[in-house]
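1. Structure, please.
(chains A, B, C and D)
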Number of protein chains: 2
Amino acid sequence: MATDNLKHTGHEHPLPRSAAVVDDIVSQLAHRGYRDTEPRRLVIGAAAAQARPFTAEELCAALPCVGRATVYRGLRLLVETDQVCRVLLEDKELRYQLSHQGHHHHLLCAVCGASADLANCDVEETLREAAAAAGFQMSGHWLEVYGRCADCAD
Amino acid sequence: MATDNLKHTGHEHPLPRSAAVVDDIVSQLAHRGYRDTEPRRLVIGAAAAQARPFTAEELCAALPCVGRATVYRGLRLLVETDQVCRVLLEDKELRYQLSHQGHHHHLLCAVCGASADLANCDVEETLREAAAAAGFQMSGHWLEVYGRCADCAD
DNA sequence: CGCGTAATTGATACTTACTATCGATAAGTG
DNA sequence: CACTTATCGATAGTAAGTATCAATTACGCG
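-> Model (predicted):
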């Protein structure tokens, strides 16, 4: 029900080279010794087809022909291999989305649920110094930025 | 089990004016029309006695004489009234701790689990600008910083 | 190309964390 | 003190994810 107010803006691509994305991820998994199976491809395809951050349950609903356990296992595998990253919504709901790069942060639209990657944001050094001032040796951080995307701005 | 590797450092105060903290919170709740009850005080007292971020289950275990539902309700009330804030650990486990100020971030020690508030950290403007560059109008953010505290540093 | 092994699947049972229900109890007002 | 209503606690229920295990399937090998 938290997702009921996610509106579609029409900006998501219908399936932007989805097959290629699936092939790419499957081959990356193959390099690590994971098999190329049909259910796995379906899970990856469904994840790639999502226009915005999704939950495991949404994938299950989108894939009625794939067992729940398989969807959860597939998703976990994708997270473990960094193909999918976690996104924390403002109400602390945990969702997922395909990773597009290494370390980055997310810009999340509170109105339509869209997510954008926040690149070139150099808070790292600032944080390291502030942490050092408190006697901490920083090893990492987690940051989400909430607001309204260009389409949903006032 | 994720908490098994939290070691006590001996740095936490035994019960730093715990009674006063409880009285203070209870009176704040009273202003909002919430009653002063013994179970509620026990929950607040237990929360205040925690040296580091805690889970609802830990409070339940610490208060065997208080019903589970009451512990959860009390904790939820404290979160709603901003007496307690949520802390997200590196492994995405959600914990709680008393709020000490308004908007701030947490420094979390990966070794002993200690938490410190990160004050005077001005990432706000930087983030606002980076978000604007992506067409976003920022309204808020969530940030946790992970590392090692002074006692646990190499 | 067919075999055999081991990864993978899916149905289901289970777990964990939390919420809803509801009769009983107690806080606080007049 | 009495009365109203918030609050309590025991328990049942729910949601999200994990464990189990027999059946299936990928894929290296000959």
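
2. ok, A:L78 - contacts?
-> Contact partners of A:L78, counting by C-beta atoms under 8 Å, 6 or more residues apart in numbering or on different chains, are A:I25, A:V43, A:I44, A:A47, A:V84, A:Y96. For every residue, glycine as well, the C-beta is placed using N, CA and C.

3. now do 7 Å
-> A:I44, A:A47, A:V84 (C-beta atoms under 7 Å, 6 or more residues apart in numbering or on different chains).

4. Next step: the residues you listed restricted to strands.
-> Residues of the contacts of A:L78 located in strands (DSSP state E): A:V84.

5. Pipe the contacts of A:L78 into CSV and attach neighbour count and distance to A:R68 per row.
-> Shown next, in CSV, are the contacts of A:L78 (neighbours: other C-beta atoms under 10 Å in any protein chain shown; distance: C-beta to C-beta, whole Å):
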residue, neighbour count, distance to A:R68
A:I44, 25, 16
A:A47, 26, 15
A:V84, 22, 17
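
6. Run the chain-centre distance for the helix or strand harbouring A:V79.
-> According to DSSP states H and E, A:V79 maps onto helix A:68-80. Its chain's C-alpha centre and that of helix A:68-80 lie 13 Å apart, by C-alpha atoms, centre = their mean, to the nearest Å.

7. Same check on stretch A:70-84?
-> Going by C-alpha atoms, centre = their mean, where stretch A:70-84 is centred and where its chain is centred differ by 11 Å.

8. Could you pull up the mean pLDDT of it?
-> The predicted model gives stretch A:70-84 an average pLDDT of 96.

9. Okay, buried residues for it please.
-> Residues of stretch A:70-84 classed as buried: A:T70, A:V71, A:G74, A:L75, A:L77, A:L78, A:Q83, A:V84 (neighbour count, 16 or more other C-beta atoms under 10 Å in any protein chain shown).

10. Of the residues you listed, which pair is most distant in space?
-> Using C-beta to C-beta, the two most remote members of those are A:T70 and A:Q83, lying 16.2 Å apart.

11. just the strands in chain A please.
-> A:84-88, A:94-98, A:105-109, A:115-118, A:137-148.

12. what residues does chain A put near DNA strand C?
-> Neighbours of DNA strand C within chain A, by C-beta under 7 Å from any atom of the strand: A:33-35, A:37, A:39-40, A:65-70, A:73-74.

13. Filter these to keep only those in contact with DNA strand D.
-> A:R35, A:T37, A:R68, A:A69.

14. which residues does A:A47 contact?
-> Counting by C-beta under 7 Å, 6+ apart, A:A47 has contacts A:L59, A:L78, A:V84, A:L98.

15. Chain neighbours aside, what residue packs nearest to the third one?
-> Same thing as A:V84. The shortest distance from A:V84 to any residue other than its chain neighbours is 3.9 Å, reached at A:L78 (C-beta to C-beta, 6 or more residues apart in numbering or on different chains).

16. ok, so of the contacts of A:A47, who is nearest DNA strand D?
-> Proximity of these to DNA strand D was ranked by C-beta to the nearest atom of the strand; the top entry is A:L59 with 9.1 Å.

17. Would you point out which residue of chain A is nearest DNA strand C?
-> Nearest to DNA strand C, among the residues of chain A, is A:G67, at 2.6 Å (C-beta to the nearest atom of the strand).

18. Nearest residue to that residue in space, please, no chain neighbours.
-> Nearest non-adjacent residue to A:G67 (C-beta to C-beta, 6+ apart): A:P39, at 7.5 Å.

19. Figure out the length between the terminal residues of stretch A:97-110.
-> One end of stretch A:97-110 to the other measures 16 Å (C-alpha to C-alpha, to the nearest Å).

20. What average pLDDT does that stretch get?
-> The pLDDT scores in stretch A:97-110 average 86.

21. export the contacts of A:L78 to JSON lines and tack on distance to A:M138?
-> Shown next, in JSON lines, are the contacts of A:L78 (distance: C-beta to C-beta, whole Å):
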{"residue": "A:I44", "distance to A:M138": "34"}
{"residue": "A:A47", "distance to A:M138": "31"}
{"residue": "A:V84", "distance to A:M138": "25"}
